[in-house]
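Enquirer: Coordinates only, no sequence provided:
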């Protein structure tokens, strides 16, 4: 069965510092992996996705993630944090065959950016 | 880009009443939509898969008689919380796929049952 583990429910970084949010997955089939961001009282916005092909995926707002099959990881990074990056971040894996869109979400990581 | 719209954004109701939440795909057709529930400071839990023209598929532990789902058209799915109670208070989010192996999420509907 597919599952997602996000290490660290809260992460604090200084403005301008590197952002690293960790995500490990478990999947019996080649996974489709996603990172979403959620601002308070809002829905989820897609940051980036990995389906097939290049393992380093670039997303919006300067974020990127690397799919590492050997480590079953899909960590999210950003070289320099901005105050506007403060939000909740969710990693997700797609369950089942492509196109089913049944996602399993991690428990989320709340990113705090310190001035 | 693809947009999923939810209405209402906020709703407060009395215990025992029913509340309907609408989910619309604005610029694409969706034969399938997904309803999630999110408790405060927690992750999203899939409640059910809404299928146009057929019955919804509910996740284990979700009461189908409590959470009625109707997918009346290719752009509209509704979630009705029947006989709502305070424990049903939550943030409900719908989603649909415009293609390209990705889900687009609505802005969510916050339900408060008094």
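Expert: Yes, it's here. These figures come from a predicted structure and were not determined experimentally.

Enquirer: I'd like the secondary structure assignment at the residue nearest in space to the middle of chain A, please.
Expert: Central residue check for chain A by C-alpha atoms, centre = their mean: the C-alpha nearest the mean position is that of residue A:35, 3.3 Å away. When classified by DSSP: H, G, I helix; E, B strand; the rest coil, residue A:35 comes out as strand.

Enquirer: That one bridge partners, please.
Expert: Note on residue A:35: beta-bridge partners residue A:48, residue A:91, judged by DSSP bridges.

Enquirer: Report whether the expected contact of it with residue A:45 is present.
Expert: No: assessed by C-beta atoms under 8 Å, residue A:35 is found out of contact with residue A:45, at 9.9 Å. Heads up, the C-betas are built off the backbone N, CA and C, glycines and all.

Enquirer: From the chain's centre, how far out is the helix or strand of chain A with the lowest mean pLDDT? Work that out for me.
Expert: Ranked by mean pLDDT, DSSP states H and E, the weakest helix or strand in chain A is strand A:102-105, scoring a mean of 85. Chain-centre distance of strand A:102-105: 13 Å, with C-alpha atoms, centre = their mean, to the nearest Å.

Enquirer: Which strands or helices does that strand pack on?
Expert: Applying 3 or more C-beta pairs under 8 Å, 6 or more residues apart in numbering or on different chains; DSSP states H and E, we find strand A:102-105 packed against strand A:3-7, strand A:87-95, strand B:44-51.

Enquirer: let's see it at 10 Å
Expert: Strand A:102-105 sits against strand A:3-7, strand A:33-38, strand A:87-95, strand B:32-38, strand B:44-51, strand B:102-105, with contacts defined as 3 or more C-beta pairs under 10 Å, 6 or more residues apart in numbering or on different chains; DSSP states H and E.

Enquirer: Quick check: which ranges of the chain have low pLDDT?
Expert: As the question left the chain open, I've gone with chain A. A:96-101 (pLDDT under 70).

Enquirer: right idea, wrong chain: chain B
Expert: Residues of chain B that meet the cut-off, pLDDT under 70, sit at B:100.

Enquirer: Enumerate the residues of it near chain A.
Expert: B:1, B:4, B:6, B:9-10, B:30, B:32-34, B:36, B:38, B:41-46, B:49, B:57, B:59, B:91, B:93-97, B:99-110 (C-beta under 10 Å from any C-beta of the partner chain).

Enquirer: how does it look with 7 Å?
Expert: Among all residues of chain B, those adjacent to chain A (criterion: C-beta under 7 Å from any C-beta of the partner chain) are B:32, B:34, B:43-44, B:46, B:49, B:93, B:97, B:101-103, B:105-108, B:110.
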